[in-house]
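K.L.:
How does the following fold in three dimensions:
(3 chains)
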Amino acid sequence: MAETVVPKIMKQGKVTPWLYLAPALIVMTIFIVYPMFNTIGLSLRDKSGTASAAVTCSEDGPCWGIFENYRYALTDEIDPSSPATIWQSFWASSYGNNIKWILLMVTGTVGLGLLVALLSDRVRYEALAKALIFMPMAISFVGAGVIWKFVYDYGTQQVQIGLLNSILTGLGGKPVAWLSTPGLNTLALILVGVWIWTGFCMTILSAALKSVPSEIIEASRVDGASEWRIFWQILVPIIMPTIVVVITTMVINVLKVFDIVYVMTGGNYGSEVIANRMYTEMYKNFHSGRGTAVAVVLIVAIVPFMIINIRRFREQEAMR
Amino acid sequence: MNIERLTNWFRHLPTHIVLILLCALWLVPTLGLLVTSLRPVQAVNVTGWWTVLSPPIGSSEYAQQCSTCHGEEGDAIPDADLTDPEVVGDYPRSTQLLAMLEKEIDGQPHLEDNPLPDAQQAANIAVYLKRISGIDAPPRFTANNYIDALMGYRGKRTYLEDCATGEQALDLNCNISDLLNPRGMGRAMLNSLLVTIPATILPILFAAFAAYSFAWLDFRGRQFLFALLVGLQVVPLQMTLIPISRLYAQLGLNGTFWGVWLFHTGFGMPYAIYLMRNFLGSLPRDLFESAYLDGASHWTAFTRLAIPLATPAIASLAIFQFLWVWNDLLVALVFLGGTTPVLTYQISNMVTSLGAGWHLLTAAAFLSFLLPMIVFFALQRFFVRGMLAGAVKG
Amino acid sequence: MVKAKRRWVILSVMIIALFLLVACGGGATPVATGDSDIDCMSAQAGDEVTMLYQWSGNEEEMLNEILQPLVDACGIVLKPESTRDQALLDTRVQAGTPPDIAFWNVTQLQQYQDKLVPVDQLGVNTANYADFWKETGSVDGKWLGLAIKADPKTIIWYSPANFEVDGYTVPTTWDELDALVEQMVADGKVPWSMGLESGDATGWTGSDFIQDILLVKQGPDYVLGIMDGSVPYNDAGVKEAYEIYGKWAADETYAVGGADGTLSTAFLDAIYKPFSDPPEAMMVKQSGFAGSEIAKQFPDLEYGQDYDFFGVPGAQGLQGGSDWMMAFSDKPAVKAIFAYISSDVGGQKWAEIGFNLTPNKAGTNSYTDPILLKNAQILAETQGFTPDIGDTIPGGFGSAEWKAIVDYLNGADLDTVLAEAAQVQAEALAE
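P.N.:
Next up, the predicted model:
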């Protein structure tokens, strides 16, 4: 296994590895591990953090005892009156929104990233094209919020200073309130996310494509395979491991998405995602118990994807 | 030969179209920001940025309704010279203008056979008249937004105008020291640098140590610990703010640079270790073996072999961490706050504050992109290489 | 290789120099000049006070100008921080490193009641404050916050010039206002300009409007009842107010752009619409600060002729935004600021600078701005001053109220959204 990577010949003291690890272990314990346990502890307590969460149970409603905050985090947004309303309210909740984000943003970034990677490989202005697509990665979320204001702005006058509504009214349509219409605003925000993250996917996928030996492709061309077939039956299977990594990495990123929503709608108009809900509970409603319970739910949701990523890394190590 | 190249090019035409279209789509929002930041405040809220090169508001209405009599320049009738501010000053808005147009001149309707313009048209004409009479003739482009943003000017005119008349606010001196005004982007940029540079160096240093240990030293639980540390990426940053803030209060680190540096170091660590470990682990084993046979200690191997060879990984990590810290808002907000405002903090404060206009905000936002853009375009090569090391290195 | 090394050395020297530059650039200590009317409360020159407030830009400058005489007289050093993000204040307080003085909402008095220094221990001149200010600023009988700035919200802005052109007159009763609105709609004019969008605080303009309707239809006791929980937020009276508001706000013949317009227009943009050329609407309901916003956006307009305001007709009592000064420390420099703000000199200076209204009675005759003068009279004559409902109930009721308004305009069932807000109200007040 991977343990054999270290040359046996390199003798060392028992302490040496830990000396090298010490600075990293110390800061990570303080800044990540300690807050994580603190969070788990607080999620079982009431809003002031002094009493058990069970005291906040209402007499007539359902109660999960010490896990009361989790009941709130998981079920408060759900309307249980009928199966239809359960589905509807779930789909409109922060969890539903996060699922929309994952479905659309991951397919959007990976799909477009792959497309640009494929196309730019065949042109001479490859570097320029890639730089343009990648550029938004260097822009802050606050800045991106300002940038997209001039795309989504909704004006009540004839003149629109938002690009999209200007096009719509120019074609004779009515302006659309992109950011304040529930449902639609999540799509509008996801578009911003795709704009920012496509460059990331493109770069990694492009490198994977370039590492595919050209002889294989040439050979299939000679055999008369169409470009479409070459793509689906040769390229995609070869770079599949990379695609999986990109997808899981993006899923982790998207689950933690916060800034775009925070900057552009503040989580209003039903555009809230899980991380925003946590922030709102903690800092707007000052309910640390509920906020931390939402945080724990979020961590639990991310863990499986992290495990996939780490497992793949170890497989790679083993192959070496 | 040429024909072959031509047909080849045509075969690739769909590729070019799709690619150029995508690039254009990606560029347009940022372009809008740049253009807006260069427009005068009067224009930003009234017309879209893409109209910046079209004729001024009201010129078409003027040409249609007024130019036959008043002339294209507006000065054809000496008794009603539309370039005279005193004449135009009486009709600043559509209501006054329409009232005047309804009156007859020598028994003839003012506009002869033409119908009266509607309110919107009249308003546009009024704006145009103010322009040609010089009452209010904003230029197409201006650099004032950038000056105002840099100096932290928040008044009703512009920094240069206020300073010219000596009516500047209490916190402005109208000299080069204003660049350090705590409310300006100039000072914020300096603060951002002070936060970013150490917060980039520290995590890379710590991660390099740890990665060396993971890659070339042997100890129990090596793989498990590594997976654990990398797995800590799952922790969302927002939830650590309060516990860390409490801790800082006891240590007196709130509001200090050290607080921010250390926080970013902690949170940059999982990814940095992952990437560095990947890179160091992929270096040829013989290299380390022969160094060790020559009697090199681990410290020598680390400083003389691992670090120099890992330069590409360090460079790319540096860029990543630089961008991350530079663009971060939350950590700077909570741990530094307003006494040492950084760029993102200033911008978000302008977004939420009463009456800070979009002209200033766009200029401020563009200023904040400047450095990351330079870093990114200059070091793109490293950036990409590092990302690959992190994701697909086998 | 050598060359590269030298470059690094130069770079690091430059960076170190930069650090030193900033570290030392603290600025000189101001020297006390001594103004006999200002009591420094034995604060020493060079004493520092950290302050946290939500004002920025123009507002921040006005506060600076108001405090300048005190700074000149006592030589204290102000360390202000400006943010709209309440998370900043809260993390500081939770961490045990609060600012010396915070300027925030009345809810924070309750939220931080254990950590605040009572106002009467800070050398405040209590005679300058009306009783309702003391009562509102007290928690469990302890006076914890000094009302520092008031802005009557129960007013409506309009353009006298436009009213004259169309032959409208200022209404004096609610029925007249209702009739005027219908008349405008019949004439093809849009009566209201509304805008709810305000980032993190989206919805607050709607809650102001609804509270004014409550003051008209139910009166101040009812509103206070909502604040102490004796009136649940889904009471019939509240529902009626929502329906009146919704009828206007969600219909494009009554409000610019209908529901979409109301929801996505920024509150500042909404202020401009009745005064643009041509006007998009006839009236906008907004606090006193709208006056200076109009003046800034349209420098050619004149107060009294092109823009003016009238009290919401029929409103019993006044609703107002108010900002509160609270102390987390009782060091001399903090006392000096409280003493100065509550003194005659401070009140007059505040009114002179015209940072909205000062609750300090000494300021009443010192306003130079006609808008503030008119507002000050309205404030002086009011039967009572009810603070904002959302500002008063702790525990996130404010954002629940905003959410209810936004959801209602977005088409949600009114009974459901009010029931949800009422639940938050009950939970918040149960503790």
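K.L.:
Specify the beta-bridge partners of C:V139.
P.N.:
C:K142 (DSSP bridges).
K.L.:
Count the residues that sit near residue 274.
P.N.:
Because you didn't say which chain, this covers chain A. By the criterion of other C-beta atoms under 10 Å in any protein chain shown, A:I274 has 24 neighbours. For glycine as for every other residue, the C-beta is placed from the backbone atoms N, C-alpha and C.
K.L.:
switch to chain C, that's the one I care about
P.N.:
Neighbour tally, C:P274, other C-beta under 10 Å: 25.
K.L.:
Likewise for A:V297?
P.N.:
A:V297: 18 neighbours (other C-beta under 10 Å).
K.L.:
Up against chain A, what does chain C have?
P.N.:
Counting by C-beta under 8 Å from any C-beta of the partner chain, chain C comes close to chain A at C:85-87, C:90, C:111, C:197, C:199-203, C:256-257, C:260-261, C:263-265, C:273, C:276, C:280, C:394-396, C:399, C:402-403, C:406-407, C:410, C:431.
K.L.:
Just the buried residues of those.
P.N.:
Neighbour-count burial (16 or more other C-beta atoms under 10 Å in any protein chain shown) is assigned, among those, to C:85-87, C:90, C:111, C:197, C:199-203, C:256-257, C:260-261, C:263-265, C:273, C:276, C:280, C:394-396, C:399, C:402-403, C:406-407, C:410.
K.L.:
These: which ones sit near chain B?
P.N.:
Restricting those to those near chain B - C-beta under 8 Å from any C-beta - leaves C:D85, C:A87, C:G199, C:D200.
K.L.:
can you put those in TSV and add secondary structure?
P.N.:
Below are those laid out as TSV (DSSP: H, G, I helix; E, B strand; the rest coil):
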residue	secondary structure
C:D85	coil
C:A87	helix
C:G199	helix
C:D200	helix
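K.L.:
need those residues in JSON lines with pLDDT and distance to B:L193, can you?
P.N.:
Converted to JSON lines, those look like this (pLDDT from 0 to 100; distance: C-beta to C-beta, whole Å):
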{"residue": "C:D85", "pLDDT": "72", "distance to B:L193": "23"}
{"residue": "C:A87", "pLDDT": "74", "distance to B:L193": "25"}
{"residue": "C:G199", "pLDDT": "75", "distance to B:L193": "28"}
{"residue": "C:D200", "pLDDT": "73", "distance to B:L193": "28"}
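K.L.:
how about the nearest residue to the residue in chain A that chain B sits nearest to, chain neighbours excluded?
P.N.:
Chain B sits closest to A:F31 of chain A, with a gap of 2.6 Å, by C-beta to the nearest C-beta. Nearest residue to A:F31, sequence neighbours excluded (C-beta to C-beta, 6 or more residues apart in numbering or on different chains): B:G266, at 2.6 Å.
K.L.:
any idea which helix or strand comes after the stretch of helix or strand the one you found belongs to?
P.N.:
Element membership for B:G266 (DSSP states H and E) is helix B:257-281. Sequence-wise, the next helix or strand downstream of helix B:257-281 (DSSP H and E) is helix B:285-293.
K.L.:
between that next one and helix B:257-281, how many degrees?
P.N.:
Here helix B:285-293 points in a direction 100 degrees away from that of helix B:257-281 (axes from the mean of the first three to the mean of the last three C-alpha atoms, to 10 degrees).
K.L.:
Next one, pLDDT for B:K103 please.
P.N.:
Each residue has a pLDDT score; the one for B:K103 is 81.
K.L.:
go on, C:I16?
P.N.:
So C:I16 comes in at 54 (pLDDT).
K.L.:
Give me the contacts around stretch B:115-130.
P.N.:
Around stretch B:115-130, the neighbours that count as contacts under C-beta atoms under 8 Å, 6 or more residues apart in numbering or on different chains are A:158, B:56-59, B:61-62, B:65-66, B:74, B:82, B:88, B:91-94, B:96-98, B:101-102, B:136-137, C:277-278.
K.L.:
Likewise for stretch A:109-116?
P.N.:
By C-beta under 8 Å, 6+ apart, stretch A:109-116 touches A:129-130, A:133, A:193-194, A:197-206, A:243, A:246-247, A:250, B:18-19, B:22.
K.L.:
State the mean pLDDT of it.
P.N.:
On average, stretch A:109-116 scores 94.
K.L.:
what comes up buried for it?
P.N.:
Buried, per 16+ other C-beta under 10 Å, within stretch A:109-116: A:T109, A:V110, A:L112, A:G113, A:L114, A:L115, A:V116.
K.L.:
which among the residues you listed gets closest to B:A313?
P.N.:
A:G113 (22.4 Å; C-beta to C-beta).
K.L.:
where's the closest one relative to A:F313, distance?
P.N.:
For A:G113, the distance to A:F313 (C-beta to C-beta, to the nearest Å) stands at 21 Å.
K.L.:
where do the helices sit along the stretch 51-200 of chain A?
P.N.:
Taking DSSP state H, counting those that start in this stretch, the helices of the stretch 51-200 of chain A run over residues A:68-75, A:83-92, A:94-101, A:107-120, A:126-134, A:141-152, A:163-170, A:184-210.
K.L.:
for chain C, which spans come out with low pLDDT?
P.N.:
Along chain C, the parts satisfying pLDDT under 70 run over C:1-36, C:57, C:84, C:383, C:395, C:431.
K.L.:
Please go through it and pick out the longest strand.
P.N.:
Ranked by residue count, the top strand of chain C under DSSP state E comes out as strand C:318-327.
K.L.:
Those residues of the stretch 151-300 of chain A touching chain C, which are they?
P.N.:
A:154, A:156-157, A:175-177, A:179-182, A:266, A:268-270, A:279-280, A:282-287.
K.L.:
Grab the nearest non-local neighbour of residue 266.
P.N.:
Defaulting to chain A. C:D200 (4.3 Å).
K.L.:
sorry, should have said chain C
P.N.:
C:E197 (4.6 Å).
K.L.:
what residues are up against that neighbour?
P.N.:
Neighbours of C:E197 in contact, by C-beta under 8 Å, 6+ apart: A:S180, C:L263, C:S264, C:T265, C:A266, C:F267.
K.L.:
Thanks a lot, see you next time.
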